[in-house]
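Trainee: Sequence and predicted structure are below.
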Amino acid sequence: MPTALLSVSDKTGIIEFARGLTKLGWTLLSTGGTAKALRAAAINVRDVSDITHFPEMLDGRVKTLHPAVHGGLLARRDLPEHMKALADQAISTIDLVAVNLYPFEETAARAGARPDDVIEQIDIGGPSMLRSAAKNFASVTVIVDPADYARVLASLEAEDDDLDLRRLLAEKAFARTAAYDAAIAHWFACDRNEIFPDRIAISLQRETTLRYGENPGQRAAFYVEHYKDGIAALTKKGGKELSFNNLLDLEGALFATDPFAGETCCAIVKHTTPCGLATGTTALDAYMKALACDPVSAFGSVISFTVSVDEETAQAVSSLFVECVVAPEFSESALEILGRKKNLRVLEGQARWRENALDYKRVRGGFLAQERIGRNVGEQWRVVTKRQPSETELTDLRFAWRAVGSVKSNAIVLVRDGATIGIGAGQMSRVDAAFLSVHKARLSGHETKASAMGSDAFFPFRDGVEQAAEAGVSAIVQPGGSVRDEEVIQAADEFGIAMVFTGMRQFRH
């Protein structure tokens with residue numbers, strides 16, 4: 001008679017699974033709370049202590065760490081000497097293990113969780129049983145995900161000795177224990193305020209497969225760090241499935257509006273870089289100002305709002321071909337209007353970064369890891385020119401500094417009245433980025449005179465300031481730090497431009 005050991009913290013589906021096993025003639029072993037739940041459902045089950053002849057102890061810390069359990073899991077059925085060793089010790093084989101682990105991740109993520117409470121949720125026996133069973137998948141079925149109960153039962157009912165299924169389940173078990181250990185290691189590092197430990201284990205869970213990658217012919221999938229964190233926490237309210245490029249642009253749009261949390265802001269993004277960014281009195285006002293920056297490039301864009309999208313705003317957005325719209329909330333009428341566009345992806349909710357999350361960039365053979373960039377507004381700023389910026393100019397400079405950080409480097413933005421009017425992105429020289437920002441502004445019919453300019457890094461030569469002066473720019477914000485800062489400041493003074501140094505750079509390669 002085959003034997004199954006069931007020991008789960010998440011009881012989802014376990015009663016139905018246990019009943020199915022019982023009907024097939026399996027003997028059930030269980031521990032603590034799982035045994036109690038099964039007995040409450042009138043399912044016959046033996047305690048693990050019946051085979052270990054040793055009681056649970058240390059508040060349940062020790063219950064399955066015993067040769068009667070691991071011998072029964074690890075013994076190779078095809079080796080007579082293994083089976084004889086079991087017989088000599090009166091140990092029976094265990095043919096199936098269903099285990100899901102103590103909720104360490106959930107406890108660690110809870111605000112105000114005490115370290116002692118977090119540590120108590122580090123499962124020891126569970127991962128050990130999973131690893132033993134998974135190693136011996138040739139003979140033992142291991143289940144770590146309740147979603148797999150049904151297909152395991154179906155295979156058993158069909159009397160199908162499905163080695164491929166057992167191998168897949170073993171793979172899932174090892175992936176789960178690896179992710180579990182990675183989460184524990186991450187918590188210990190964070191607990192000592194270390195964001196760059198000696199070793200980083202990145203645990204990812206597949207959220208969905210994608211039709212293709214950046215280009216057709218490239219296979220792709222979307223993996224998430226923590227299910228229902230970040231972008232995975234957004235709820236799709238309509239439209240096609242998200243593509244690889246949609247997800248990249250979505251991150252770019254959210255990144256652009258992040259510094260404007262608490263304000264009414266709209267970002268229109270193309271190829272991960274804003275082609276329009278604005279604040280306004282309403283969502284519609286912010287959208288129209290952002291769109292006016294570069295209405296041609298906005299075709300096929302991804303749009304992010306920091307506030308609820310109402311009917312009027314939805315009407316305006318729906319008049320343009322847009323790939324994706326994301327906002328904290330949409331009114332019912334807005335959803336109805338946007339839903340008429342069958343291909344338009346509509347995403348609702350908050351996509352927050354996990355605390356202390358690092359920014360990774362892939363290189364051959366490894367990853368680069370860095371802190372996420374902060375965009376200081378005023379803390380270290382200093383006016384370096386003879387002319388001080390006016391209050392109006394200072395307001396636009398603050399906006400420009402927050403806006404330019406989301407633009408690909410070399411990056412220059414022209415700003416007026418809380419909106420970009422020209423964006424120069426991804427250029428190999430800063431003077432070209434300045435030229436492009438002016439060119440784009442004029443192409444869209446904007447007056448550049450008395451505008452403010454933001455630069456994500458220092459001006460290496462005075463030619464960038466000369467370009468700004470030719471366009472009539474009246475104030476510039478930049479990090480400073482060039483060996484030619486004095487020449488750049490002198491140029492600003494010659495043209496009567498107010499210039500502010502922020503003391504920090506915002507490259508976005």
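Mentor: Cool, the structure landed. Model, not experiment: these values are computed from the prediction.
Trainee: Can you give the contact residues for stretch 223-232?
Mentor: 105, 109, 202-207, 247, 250-251, 254, 351-354, 357 (CB atoms under 8 Å, 6 or more residues apart in numbering). For glycine as for every other residue, the C-beta is placed from the backbone atoms N, C-alpha and C.
Trainee: Tell me which stretches of the stretch 351-500 of the chain form strands.
Mentor: 358-363, 366-371, 382-383, 412-416, 419-424, 452-455, 475-478, 498-501 (DSSP state E, counting those that start in this stretch).
Trainee: Grab the most central residue of this structure for me.
Mentor: residue 230 (4.1 Å; CA atoms, centre = their mean).
Trainee: Check the gap between that one and residue 461 for me.
Mentor: 40 Å (CB to CB, to the nearest Å).
Trainee: Over to residue 291?
Mentor: 34 Å.
Trainee: Show me which of these two is the more surrounded one.
Mentor: Legend: neighbour count by other CB atoms under 10 Å for residue 291 and residue 461, higher for residue 291 (22 against 15).
Trainee: which stretch of helix or strand covers the more buried one?
Mentor: In this structure, residue 291 sits in helix 283-293 according to DSSP states H and E.
Trainee: Let me see the mean pLDDT of that helix.
Mentor: For helix 283-293, mean pLDDT is 97.
Trainee: Any regions of the chain where pLDDT drops low?
Mentor: Across the chain, the ranges flagged by pLDDT under 70 are 57, 60, 227, 375-376, 378.
Trainee: now the farthest one out in it, which residue is it?
Mentor: residue 88 (52.3 Å).
Trainee: re the thing from before, please pick the buried ones from the contacts of stretch 223-232.
Mentor: If you count burial by 16 or more other CB atoms under 10 Å, the buried members of the contacts of stretch 223-232 come out as 105, 109, 203, 207, 247, 250, 251, 254, 351.
Trainee: Check these and tell me the two furthest apart.
Mentor: 105 and 250 (24.5 Å; CB to CB).
Trainee: picking up where we left off before, just send the strands of the stretch 351-500 of the chain back as TSV, with distance to residue 170 too.
Mentor: Converted to TSV, these look like this (distance: least, CB to CB, whole Å):
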stretch	distance to residue 170
strand 358-363	28
strand 366-371	27
strand 382-383	61
strand 412-416	53
strand 419-424	51
strand 452-455	54
strand 475-478	56
strand 498-501	58
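Trainee: May I see those arranged in JSON lines, with distance to residue 437 and mean neighbour count as well?
Mentor: Shown next, in JSON lines, are these (distance: least, CB to CB, whole Å; neighbours: other CB atoms under 10 Å):
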{"stretch": "strand 358-363", "distance to residue 437": "26", "mean neighbour count": "11"}
{"stretch": "strand 366-371", "distance to residue 437": "27", "mean neighbour count": "11"}
{"stretch": "strand 382-383", "distance to residue 437": "22", "mean neighbour count": "12"}
{"stretch": "strand 412-416", "distance to residue 437": "4", "mean neighbour count": "30"}
{"stretch": "strand 419-424", "distance to residue 437": "4", "mean neighbour count": "28"}
{"stretch": "strand 452-455", "distance to residue 437": "7", "mean neighbour count": "30"}
{"stretch": "strand 475-478", "distance to residue 437": "12", "mean neighbour count": "29"}
{"stretch": "strand 498-501", "distance to residue 437": "16", "mean neighbour count": "24"}
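Trainee: Residue 115: which of those strands is closest?
Mentor: Of the strands of the stretch 351-500 of the chain, nearest to residue 115 by CB to CB is strand 358-363, at 22.1 Å.
Trainee: Direction included, what does the closest one pair up with?
Mentor: strand 366-371 (antiparallel) (DSSP bridges).
Trainee: Give me the phi and psi for residue 159.
Mentor: phi 50, psi 40 (degrees, to the nearest 10).
Trainee: Run through the residues that contact residue 356.
Mentor: 190, 195.
Trainee: so how far is residue 412 from it?
Mentor: 32 Å.
Trainee: do residue 338 as well
Mentor: Taking CB to CB, one finds residue 338 at 33 Å from residue 412.
Trainee: again, but for residue 373
Mentor: 18 Å.
Trainee: Repeat that for residue 421.
Mentor: With CB to CB as the criterion, residue 421 and residue 412 are 12 Å apart.
Trainee: again with residue 293
Mentor: Residue 293 is 13 Å from residue 412, by CB to CB.
Trainee: residues bridging contact with those two, i.e. touching both?
Mentor: residue 423.
Trainee: Help me confirm that residue 442 comes into contact with residue 436.
Mentor: No. Using CB atoms under 8 Å, residue 442 and residue 436 do not qualify as a contacting pair, with a distance of 10.9 Å.
Trainee: Name the nearest residue to residue 500, sequence neighbours excluded.
Mentor: residue 477 (4.8 Å; CB to CB, 6 or more residues apart in numbering).
Trainee: What residues are bridge-paired with that neighbour?
Mentor: If you apply DSSP bridges, the partners that residue 477 bridges to are residue 454, residue 500.
Trainee: show me what contacts it?
Mentor: 381, 397, 400, 401, 452, 453, 454, 455, 499, 500, 502.
Trainee: how does it look with 10 Å?
Mentor: By CB atoms under 10 Å, 6 or more residues apart in numbering, the contact list for residue 477 reads 377, 381, 389, 393-394, 396-401, 404, 413, 415, 452-455, 498-502.
Trainee: Quick check: it vs residue 459, distance?
Mentor: Taken as CB to CB, the span from residue 477 to residue 459 is 11 Å.
Trainee: And for residue 77?
Mentor: With CB to CB as the criterion, residue 77 and residue 459 are 74 Å apart.
Trainee: more crowded one of these two?
Mentor: residue 459 (29 against 14).
Trainee: Verify the stated contact: that one with residue 497.
Mentor: No. Look at residue 459 against residue 497 with CB atoms under 10 Å: they stay out of range, at 11.5 Å.
Trainee: and residue 347, that's in a strand?
Mentor: Yes. Checked against DSSP: H, G, I helix; E, B strand; the rest coil, residue 347 lies within a strand.
Trainee: Which stretches in the stretch 301-450 of the chain count as helices?
Mentor: For the stretch 301-450 of the chain, the helices defined by DSSP state H, counting those that start in this stretch occupy 311-318, 332-339, 391-404, 430-443.
Trainee: before we move on, what about the stretch 101-250 of the chain?
Mentor: According to DSSP H, counting those that start in this stretch, the helices that the stretch 101-250 of the chain contains are 104-109, 115-120, 125-135, 149-157, 163-191, 244-257.
Trainee: Now distance to residue 236 too, for the ones you listed, in CSV please.
Mentor: Below are the helices of the stretch 101-250 of the chain laid out as CSV (distance: least, CB to CB, whole Å):
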stretch, distance to residue 236
helix 104-109, 24
helix 115-120, 33
helix 125-135, 33
helix 149-157, 26
helix 163-191, 25
helix 244-257, 11
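Trainee: between these, which one is nearest to residue 507?
Mentor: Per CB to CB, nearest to residue 507 of the helices of the stretch 101-250 of the chain: helix 244-257, 13.8 Å.
Trainee: Now the element after the helix or strand hosting residue 34, going C-ward?
Mentor: Here residue 34 sits within helix 32-40, counting by DSSP H and E. Using DSSP H and E, the helix or strand that directly follows helix 32-40 along the chain is strand 46-47.
Trainee: ok, that following strand: who's next to it in the sheet?
Mentor: strand 27-30 (parallel).
Trainee: Give me the buried positions along the strand it pairs with.
Mentor: Buried residues in strand 27-30 (16+ other CB under 10 Å): 27, 28, 29, 30.
Trainee: so what's the third one up against?
Mentor: Think residue 29. Counted by CB under 10 Å, 6+ apart, residue 29 has contacts 3-7, 35, 45-52, 64, 69, 72, 92, 94, 96-97.
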